[in-house]
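Engineer: Build the 3D model from these lines:
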Amino acid sequence: LMPDVRQVEHAFKTYKETGMALKALPGVPIFQAEGLTMRSGDKTMIPLFFGKDELDYALKQAFGKNPVTPAVAYKRKWFARQKERVKEVAKSPFPFLYHSIWKEDDDKAKAHIKELENKQTALVQKQPKLALPKVQVGSFEDVLFRMLYEKGKEWDNVMFIPQGVSFK
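Structural biologist: Numbering: from 1, shown residues only. Reported below is the predicted structural model:
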C-alpha cells in the first residue's frame, strides 16, 4: 500500500499538535479518536480511519451535534400540525374562515417557541464546551501485525473505515 500524501501530512500535523516529534511515518497512516466507537449488531467496534477527513466527520457527528431541544421538538410538532391544517382547508368550501383561528394559534406557538429557545440559550451559555476526543495516529502495518500476532479481544473489534467513504 502507498500512503496518500494528504494523509501523511495530516499524520505529521497531528503528531506535532500532541507535542511529539515525528521524523518518518512507519507505513500507511491510520487515525483513531479516543472513546469513539461504533455499533455493529451487538458488537462495539473501534473504527480506524484511513482518512483524517472521515474521522473529523465522524467526530462531528458523534460529539458536535446538539441534542434535540424542547424548542426543536415543539417546532416539529407545530410543522406537522401545519400540514394537517392544509389538508383540512383543502376539504373545506370556506377556507377563508380558518385564517383568524389559525393566526391566533400560530402567534401563541411562535411565542412559546421563542420562550423555549431563550431558555435553551441560557442553559447552553452556562454549560462548558465539550472538547473533542484526542486523535491518535498509527500505521496500518502496525495494526495488521498486532491483529495477527497479539490475539486478544481488543484487536477483534477493529473496523477499518476507507478513505473517501461518504457517511451522508
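Engineer: Skip ahead from the helix or strand hosting I30 and say which helix or strand is next.
Structural biologist: Assigned by DSSP states H and E, I30 falls within strand 29-33. Downstream of strand 29-33, the next assigned helix or strand under DSSP H and E is strand 38-40.
Engineer: Run through the residues that contact the nearest residue to P26 once chain neighbours are set aside.
Structural biologist: Once flanking residues are discounted, P26 sits nearest to S139: 4.9 Å by C-beta to C-beta, 6 or more residues apart in numbering. The way it works is simple: take the backbone N, C-alpha and C, and place the C-beta from them, glycine included. With contacts defined as C-beta atoms under 8 Å, 6 or more residues apart in numbering, the neighbours of S139 are 25-30.
Engineer: what stretches of this structure score poorly on pLDDT?
Structural biologist: Across the chain, the ranges flagged by pLDDT under 70 are 64-68, 97, 124, 127-131, 153, 166-168.
Engineer: longest strand anywhere in it?
Structural biologist: Looking across the chain with DSSP state E, the single longest strand is strand 43-49.
Engineer: And the strand holding I30, what's buried?
Structural biologist: 29-33 (16 or more other C-beta atoms under 10 Å).
Engineer: Determine which two of the residues you listed are furthest apart.
Structural biologist: P29 and A33 (14.0 Å; C-beta to C-beta).
Engineer: Show me the helices in this structure, by range?
Structural biologist: Listed in chain order, the helices of the chain (DSSP state H) span 5-17, 52-63, 70-91, 98-126, 140-149, 153-156.
Engineer: So the residue nearest the centre of the chain versus M2, what's the distance?
Structural biologist: The residue lying closest to the centre of the chain (C-alpha atoms, centre = their mean) is Q61, at 0.4 Å. Distance, Q61 to M2, by C-beta to C-beta, to the nearest Å: 29 Å.
Engineer: again, but for R76
Structural biologist: Distance of R76 to M2, given as C-beta to C-beta: 48 Å.
Engineer: between the two, who's got more neighbours?
Structural biologist: Here R76 and M2 are compared on neighbour count by other C-beta atoms under 10 Å; more neighbours surround R76, at 11 against 5.
Engineer: So that one versus Q120, what's the distance?
Structural biologist: R76 is 15 Å from Q120, by C-beta to C-beta.
Engineer: Could you do P93 as well?
Structural biologist: Taken as C-beta to C-beta, the span from P93 to Q120 is 42 Å.
Engineer: Which residue of those two possesses the greater neighbour count?
Structural biologist: Q120 (15 against 5).
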